[in-house]
Every structure is written in structure tokens, then in C-alpha cells.
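Participant: From the sequence below, what's the structure:
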Amino acid sequence: QVQLVESGGGLVQAGGSLRLSCAASGRTFSWYGMGWFRQAPGKEREFVAAISWSGARTDYADSARNRFTISRDNAKATGYLQMNSLKPEDTAVYYCAARAREYSSSRYPSDYPYWGQGTQVTVSS
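Facilitator: Residues are numbered from 1 along each chain as shown. The predicted model follows:
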């Protein structure tokens, strides 16, 4: 199985940017599609973006489209989420997740068996 570790979260002012990273270990990273999800206090975990194992296909939640960019570097076994024009409502714990590449990308957390521990993103107004 694959192990995932997120990093890059922090405190940023509204309008600022952050780049989250998701470092994978264990099984070959290119065996997995990857997704980013977030969870704010008192809310359910929600889909942010997903990317296929090759990086050829991406999918974004409406809230992320045109502001966030998901990418991956299989040689470095690392996935990324570049977040621009951040808003206070983007404040949440952000998680990366992985699922076997033979399955298409999914927006549902229950479809991903592998998860990182999360990284906190706080956007101040």
C-alpha cells in the first residue's frame, strides 16, 4: 500500500497563495490516482481536486476551479495543490488521498482507501 504525508499548510492572508505537497512512499506512486479533499470544523469532508495517475486528466470542484491547480511528479512520488487567490472560506484541514489507477477519478472520499494525516490551511480576512 501507499503512505501519504501532506505539507505546506499555514496561515495566509486573503488573496495569498499556498502550495501543498503530498509525499508518497511504499508502493509506486504512479500506480495511484490522487485527490485532494478538505474538511472545515463542523462540516463534512469535501472534494477539492483529483488527478489521474499520469496527470493527463484533472477534475476540480467548482470552488477550486480557476484558483487551484493540481499536479504530480511521479519521478519524485509527490503530488501538489497550488492554491491562489485564497479566501477565508478555504480555511480547512486539507488531505491528499490515493486510489488504484485502474479506477477513474472520484469526488467521493469513500472511494479513496489511502489518506494522509492532513495539513491545516488558515486564510485570514
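Participant: give me the number of residues near Asp90?
Facilitator: Neighbours of Asp90 under the rule other C-beta atoms under 10 Å: 22. The way it works is simple: take the backbone N, C-alpha and C, and place the C-beta from them, glycine included.
Participant: Spatially nearest residue to it, not counting backbone neighbours?
Facilitator: Spatial nearest neighbour of Asp90, excluding adjacent residues (C-beta to C-beta, 6 or more residues apart in numbering): Val123 at 5.1 Å.
Participant: swap in Arg72?
Facilitator: Gly79 (4.4 Å).
Participant: Counting neighbours, what do you get for the one you found?
Facilitator: Residue crowding around Gly79 was assessed by other C-beta under 10 Å; the count is 30.
Participant: And for the one 3 residues further on?
Facilitator: Burial of Gln82 is recorded as 14 neighbouring residues (other C-beta under 10 Å).
Participant: Just to be sure, it is in a helix?
Facilitator: No - the assignment for Gln82 by DSSP: H, G, I helix; E, B strand; the rest coil gives strand, which leaves it out of any helix.
Participant: start at 823 instead
Facilitator: That works, and once the first residue is 823, the last one we named lands at Gln904.
Participant: Does the most centrally placed residue in the chain lie in a helix or a strand, and which?
Facilitator: The central residue of the chain, meaning the one whose C-alpha is nearest the mean C-alpha position (C-alpha atoms, centre = their mean), is Trp858 at 2.3 Å. Under the criterion DSSP states H and E, the helix or strand holding Trp858 is strand 854-861.
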